[in-house]
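J.: Model the structure of this input:
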Amino acid sequence: MEYLLEKRINHFTDIAVGTIISDTENFEFLLEDGLVKIYNLLVDIQNENRKLYIIGNGGSAAISSHAAIDFMNVAKISTYTLHDSATLTCMANDYGYENAFSKVLDITIKKEDLLIVVSSSGESKNMINAVETAKKIGAIVMTLSGFDPKNTLRTLGDINIWSNSKDYGMVEMTHQFILHNLSDRFFDSGKNS
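T.: From the prediction side, this is the model:
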């Protein structure tokens, strides 16, 4: 059993270190350079009192909730998830699940706000529609995905984070680790006061 755990830890490390951050032009940043770019964007969101929205389905929704708490509590950024059960089921019932998040964003997100979309596959139609709505409004979009390197979501964000794995658990842990690392930078830099 110890060998299996060590093997999984090493596999996770390889995936995390091999994560690729790119922009809309598909320019790839060195991992730390990309994280610094994202951190600086988050500092701007904080300083200019703009809003941060984080969305996902299933396990990615849980990651979004955890990240939202960290960005509120540590970074002091006004942060929202959109999966309150009453809101989500209302919008899904009225407009279809593929439009549930995009309908809420159409009402709430503003130009220059930031939308972070977390999706292991990068192919969830409701996440893709949410990105398209946010971009139409002029919001900044960051995606986190895995699985296929040519997944749809990876081509849509202003900043795209892709983890090279088809293992849900590994992709989800990498997404959680990256988002935690970004919020922790506020604590480490003293920008959380």
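J.: from here on, contacts and neighbour counts on C-alpha atoms
T.: OK.
J.: mind checking the SS state of residue 60?
T.: Here residue 60 is helix, with the state taken from DSSP: H, G, I helix; E, B strand; the rest coil.
J.: Residue 7 now?
T.: Per three-state DSSP, residue 7 ends up helix.
J.: And residue 66, by the same measure?
T.: helix.
J.: Kindly give the local confidence score, pLDDT, for it.
T.: The model reports residue 66 with a pLDDT of 98.
J.: The one 3 residues further on too?
T.: Residue 69 carries a pLDDT score of 97 in this model.
J.: Neighbours of it, how many?
T.: 18 (other Cα atoms under 10 Å).
J.: In terms of secondary structure, what does the longest helix seen in the chain contact?
T.: Taking DSSP state H as the criterion, the chain has its longest helix at helix 168-189. If contacts are counted by 3 or more Cα pairs under 8 Å, 6 or more residues apart in numbering; DSSP states H and E, helix 168-189 sits against helix 2-17, helix 31-47, helix 59-73, strand 140-145.
J.: orientation of that helix relative to strand 140-145 in degrees?
T.: Angle of helix 168-189 versus strand 140-145, following axes from the mean of the first three to the mean of the last three Cα atoms, to 10 degrees, is 140 degrees.
J.: Count the neighbours of residue 4 for me.
T.: 9.
J.: Over to the one 5 residues further on?
T.: Here the count is done by other Cα under 10 Å, and residue 9 has 13 residues near it.
J.: just residue 31 next, same as before
T.: When neighbours are counted by other Cα under 10 Å, residue 31 comes out with 17.
J.: For residue 162, see how far away it is.
T.: As defined by Cα to Cα, to the nearest Å, residue 31 lies at a distance of 11 Å from residue 162.
J.: what do you get for residue 27?
T.: As judged by Cα to Cα, residue 27 and residue 162 stand 13 Å apart.
J.: Over to residue 38?
T.: From residue 38 to residue 162 the distance is 14 Å (Cα to Cα).
J.: cool, and residue 142?
T.: 11 Å.
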